[in-house]
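Colleague: Turn this into a structure:
(one chain, ligands or ions: 1)
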Amino acid sequence: MKTIDQIPSFDFDPYDERELADPYPRYAELRAAGPVVRLTKYNVVAMARHAEVHAALRDWETYSSAAGVGLDDLRKGERWRPSSLLLEVDPPIHDKTRAVMNVVLSMPALRRMQGDFEAMAEKLADELVERREFDGMADLAIPFILKVFPDAVGLPEEGRENLLPWGDMIFNSFGPRNQRFQDATRTAETVRAWIFEHSQRKSLSANGLGAAVFAAVDKGRLEEEEGEVLVRSMLTAGLDTTVTGLGASVLAFSRFPDQWDILREQPNLARQAFDEIVRWASPVQTFFRTTTKPVIVEEVTIPEDTKVLLFLASANSDDRVYPEPEKLDIFRRNLDHVGFGNGIHKCVGQMVAKLEAEVVFNALLKRVKRFELLEEPSMYLNNTVRAFERIPVRVIPA
Ligand code: HEM
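Modeller: Residues are numbered from 1 along each chain as shown. Take a look at the predicted model:
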């Protein structure tokens with residue numbers, strides 16, 4: 001048996017600019033070093049192999065989310081925002097809120113929005129194919145998501161420019177209080193005020209996903225304030241992730257044109273293709289857990305109350321499970337990928353993300369024969385989300 005002082009340790013900073021810009025070589029190094037490693041800079045334990053990350057995500061009793069899924073221990077020190085009632089709680093609280101959100105974000109509930117999603121996708125696809133050259137982020141992923149998702153939630157048009165900065169801020173806050181976090185929180189007060197105001201019933205339309213949360217309040221399943229926190233979870237988790245996922249799709253199909261050809265022949269594989277893109281790109285690269293008791297992992301004893309950094313993106317590129325992980329393969333057996341997490345916290349919004357991707361793919365499948373990357377994409381660095389700044393492409397029409 002080994003203590004955590006006896007396992008391979010690394011002193012690099014995973015939140016350093018160079019690491020975030022190109023983390024995959026480091027992930028391979030961490031996986032090769034062992035099932036559990038130590039990151040001395042932040043005094044945390046980390047897991048980078050699929051088997052351990054997957055197992056930890058499925059064992060909430062040992063690996064708790066209640067101390068937060070970032071580096072900070074939310075139970076200690078000063079708080080700058082209330083905890084999420086989904087992401088940052090364990091059962092039994094989680095059972096109650098998750099049951100409500102499972103219904104609010106279920107496929108039957110989303111079907112009502114599908115027509116609006118499709119109309120926006122068709123309009124954008126028409127414009128972009130007409131132009132031939134465009135940026136997969138600024139011209140496709142961002143305008144699409146910033147239209148359909150806030151519409152679906154029931155937000156007014158005005159003020160939507162606060163949504164991406166809010167997500168950027170929160171996803172940065174799961175890392176250290178570094179310069180990136182400070183920069184992202186520069187506009188914190190205005191952004192925060194808008195988000196908090198628009199998580200309230202009075203700011204939301206009567207028939208959106210937000211109103212569906214408050215319908216659960218009216219049925220006595222939640223308190224009014226809990227409803228507001230849940231609406232805020234959607235506004236936090238539902239934009240930066242999907243914007244990155246859609247951008248990554250444009251990049252993926254430019255890099256793997258054979259996979260686009262397969263999809264053109266079998267458009268019914270669109271959701272499956274997006275799932276593989278989420279494995280391949282892993283928009284959410286990391287999340288933490290905190291041990292509730294001493295736990296033995298492959299002969300290493302991790303003490304109680306230890307922050308454990310789970311490298312989701314590394315697990316998704318572990319060639320023990322995914323041969324040639326850097327390749328996009330729509331037919332890959334990838335059911336256990338952790339791009340949407342796993343276990344009780346597995347992404348409750350994944351049906352929304354898949355529907356958004358499906359309608360965009362369908363609109364483009366009819367019109368685009370090939371995507372060609374005009375230059376390497378530039379990254380937008382965030383402490384948790386591996387996001388893009390620009391993905392310039394040219395399309396060859398079908
Ligand atoms: C491609 C897009 C998306 C990706 C890659 C993604 C990724 C993830 C991951 C990795 C988790 C697990 C967190 C954990 O285990 O601690 C998660 C949870 C969550 N996601 Fe997503 N997500 C996406 C889209 C969405 C959307 C569209 C929404 C809102 C409609 C959403 C809302 C949530 C919420 C509320 C949770 C917490 C669930 C819980 O703790 O029970 N996500 N997501």
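Colleague: dump the residue contacts of the spatially closest residue to residue 273 that is not a sequence neighbour.
Modeller: Closest residue in space to residue 273, ignoring its immediate chain neighbours: residue 330 at 4.8 Å, by C-beta to C-beta, 6 or more residues apart in numbering. Where you see a C-beta, it was placed from the backbone N, CA and C, and this is true even at glycine. Counting by C-beta atoms under 8 Å, 6 or more residues apart in numbering, residue 330 makes contact with 259, 262, 263, 269, 272, 273, 276.
Colleague: Name the helix or strand for the fifth one, please.
Modeller: Spelled out, that is residue 272. helix 270-281 (DSSP states H and E).
Colleague: How about residues contacting the helix or strand harbouring residue 26?
Modeller: Using DSSP H and E, the element containing residue 26 is helix 24-33. With contacts defined as C-beta under 8 Å, 6+ apart, helix 24-33 is touched by 8, 10, 12, 14, 19, 37, 46, 48-49, 311, 313-314, 317-318, 326.
Colleague: What of stretch 185-198?
Modeller: With C-beta under 8 Å, 6+ apart, stretch 185-198 has contacts from 81, 155-156, 159, 162-163, 165-166, 169, 172-173, 203-204, 228, 232, 235.
Colleague: circling back to that earlier point, among the contacts of helix 24-33, which ones are in strands?
Modeller: 10, 37, 46, 311 (DSSP state E).
Colleague: Show me what from the stretch 251-398 of the chain comes close to the ligand.
Modeller: Contact residues (C-beta under 6 Å from any ligand atom) of the stretch 251-398 of the chain with the ligand: 278, 283-284, 287, 312, 339-341, 345, 347-349, 352-353.
Colleague: Narrow these to those in helices?
Modeller: Judged by DSSP state H, these include 278, 312, 352, 353 as members of helices.
Colleague: TSV for the residues you listed, including neighbour count?
Modeller: Shown next, in TSV, are those (neighbours: other C-beta atoms under 10 Å):
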residue	neighbour count
278	27
312	27
352	26
353	24
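Colleague: Now for these: which two are most distant?
Modeller: 312 and 352 (19.2 Å; C-beta to C-beta).
Colleague: Check which helices and strands the longest helix along the chain sits against.
Modeller: Criterion DSSP H: the longest helix present in the chain is helix 107-131. If you count contacts as 3 or more C-beta pairs under 8 Å, 6 or more residues apart in numbering; DSSP states H and E, helix 107-131 packs onto helix 142-153, helix 350-365, strand 392-397.
Colleague: For the ones you listed, could you give me TSV that also reports mean pLDDT?
Modeller: What follows is these, written out as TSV (pLDDT from 0 to 100):
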stretch	mean pLDDT
helix 142-153	98
helix 350-365	98
strand 392-397	98
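Colleague: okay if I get those as a markdown table plus distance to residue 125?
Modeller: Shown next, in a markdown table, are these (distance: least, C-beta to C-beta, whole Å):
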| stretch | distance to residue 125 |
| --- | --- |
| helix 142-153 | 10 |
| helix 350-365 | 4 |
| strand 392-397 | 10 |
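Colleague: Looking at those, spot the one closest to residue 56.
Modeller: Comparing those by C-beta to C-beta, helix 350-365 comes nearest, at 19.6 Å.
Colleague: Just checking the distance from that closest one to the centre of its chain.
Modeller: Distance, stretch centre to chain centre, for helix 350-365: 16 Å (C-alpha atoms, centre = their mean, to the nearest Å).
Colleague: how close does the closest residue to residue 357 other than its chain neighbours sit to residue 160?
Modeller: Nearest residue to residue 357 in three dimensions, chain neighbours excluded: residue 274, at 3.8 Å (C-beta to C-beta, 6+ apart). As for residue 274, its distance to residue 160 is 24 Å (criterion: C-beta to C-beta, to the nearest Å).
Colleague: okay, the two: which has more neighbours?
Modeller: residue 274 (25 against 17; other C-beta atoms under 10 Å).
Colleague: Am I right that that one is in contact with residue 361?
Modeller: Yes: taking contacts as C-beta atoms under 8 Å, residue 274 lies within contact range of residue 361: 7.2 Å.
Colleague: Identify the contacts common to those two.
Modeller: residue 249.
Colleague: buried ones in stretch 38-52?
Modeller: Buried positions in stretch 38-52, judged by neighbour count with 16 or more other C-beta atoms under 10 Å: 38, 39, 42, 44, 45, 46, 47, 48, 49, 50, 51, 52.
Colleague: and the gap between the last one and residue 320?
Modeller: In this structure, residue 52 and residue 320 are separated by 11 Å, where distance is defined by C-beta to C-beta.
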